[in-house]
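Provided below for reference: sequence and predicted model.
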Amino acid sequence: MLAGALAKRYARALFELATLPGVAGEPATAGKPDVAGSPKDSTKLLDQIDAELKEFSALLGDNRQLYTILNHPNIGLSDKKTLVSRVCEGYSRMTLSFLSLLIESRRQNLFGAIVREFGRMADESRHVVEVNLTSAGPLTDMQEKELIKALSVQTGSAIRLIRAVDADLIGGVKLRIGDTVIDGSVQTALRKMRSDLRRAVPSIESP
């Protein structure tokens with residue numbers, strides 16, 4: 001099975017477990033099961049696991065020694081799991097169990113892809129869309145507000161804007177929403193989104 005497809009399977013399994021009714025999170029060191037009784041608790045656990053996975057992913061990126069140990073073929077699985085439990089002290093029982101599973105399955109090399117896919121699923125359930133904005137220079141506050149408003153209307157979701165500056169960018173701005181890319185100026189991007197909206201909802205008038 002291709003690595004991308006396998007990472008999605010692991011992410012999906014964790015997501016489904018994290019969103020089961022009656023499941024909530026607490027640190028594994030508390031010695032109690034992750035159980036609670038309301039949908040709000042499940043949402044809280046989902047947010048907690050998402051944050052923990054991203055935090056551990058950032059740690060792996062910053063700490064080359066940790067990354068090397070976890071991926072070294074001559075270091076025992078038990079030593080790797082012990083190290084992770086120490087590094088991730090205070091994490092939810094579910095996150096620690098999942099990391100342990102990846103180590104036992106020798107799938108820790110998929111961790112980055114799993115984190116991205118889990119984050120996408122979590123955002124989808126929270127009705128949040130992540131938009132990557134790359135521009136030749138910083139946008140004004142008004143331009144950002146217009147973009148976020150148009151994107152929110154178009155997607156029907158809250159927008160998380162990830163900003164980047166690339167002085168060599170031709171066209172002024174690039175927006176990436178999932179697999180969709182919009183190139184051009186800020187006004188071009190806004191016109192395209194408004195045009196898409198008018199086609200979807202004919203009653204929308206041009207500004």
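Yes, it's here.

which SS class is the spatially most central residue of the chain?
The residue lying closest to the centre of the chain (C-alpha atoms, centre = their mean) is Gly119, at 2.6 Å. Under the three-state scheme (DSSP: H, G, I helix; E, B strand; the rest coil), Gly119 adopts helix.

now it: how far from Ile182?
Per C-beta to C-beta, to the nearest Å, Gly119 is found 22 Å from Ile182. Heads up, the C-betas are built off the backbone N, CA and C, glycines and all.

and for Val87?
From Val87 over to Ile182 the distance is 40 Å, taken as C-beta to C-beta.

who has more neighbours, those two?
Using other C-beta atoms under 10 Å as the criterion, Val87 and Ile182 rank with Ile182 on top: 19 against 15.

for Val84, see how far away the spatially closest residue to Glu104 that is not a sequence neighbour is.
Spatially, and ignoring its direct neighbours in sequence, Glu104 is nearest to Leu77 (6.0 Å; C-beta to C-beta, 6 or more residues apart in numbering). Distance of Leu77 to Val84, computed by C-beta to C-beta: 11 Å.

and for these two, which residues touch both?
Listed as contacting both Leu77 and Val84 by C-beta atoms under 8 Å, 6 or more residues apart in numbering are Ile103.

these two: who's more crowded?
Under the criterion of other C-beta under 10 Å, the comparison of Leu77 against Val84 puts Val84 first, with 22 against 12.

and the more buried one, what does it touch?
Per C-beta under 8 Å, 6+ apart, neighbours of Val84: Leu70, Leu96, Leu99, Ser100, Ile103.

in the protein, which helix is the longest?
Across the chain, the longest stretch assigned as helix under DSSP state H is helix 39-62.

averaged pLDDT, it. What do you get?
Helix 39-62 carries an average pLDDT of 86.

could you list the low-pLDDT ranges of the chain?
Low-confidence segments of the chain, defined by pLDDT under 70: 1, 22-42, 170-171, 184-207.

90 - rerun?
Per-residue confidence for the chain (pLDDT under 90) gives these ranges: 1-4, 19-44, 108-109, 126, 129-157, 160-161, 163, 165-207.

helices of that one, start to end?
Under the criterion DSSP H, the chain contains helices at 3-18, 39-62, 64-71, 77-87, 93-104, 111-125, 141-155, 186-200.

counting contacts, what elements does the longest one pack onto?
Contact analysis of helix 39-62 by 3 or more C-beta pairs under 8 Å, 6 or more residues apart in numbering; DSSP states H and E lists helix 3-18, helix 64-71, helix 93-104, helix 111-125 as its packing neighbours.
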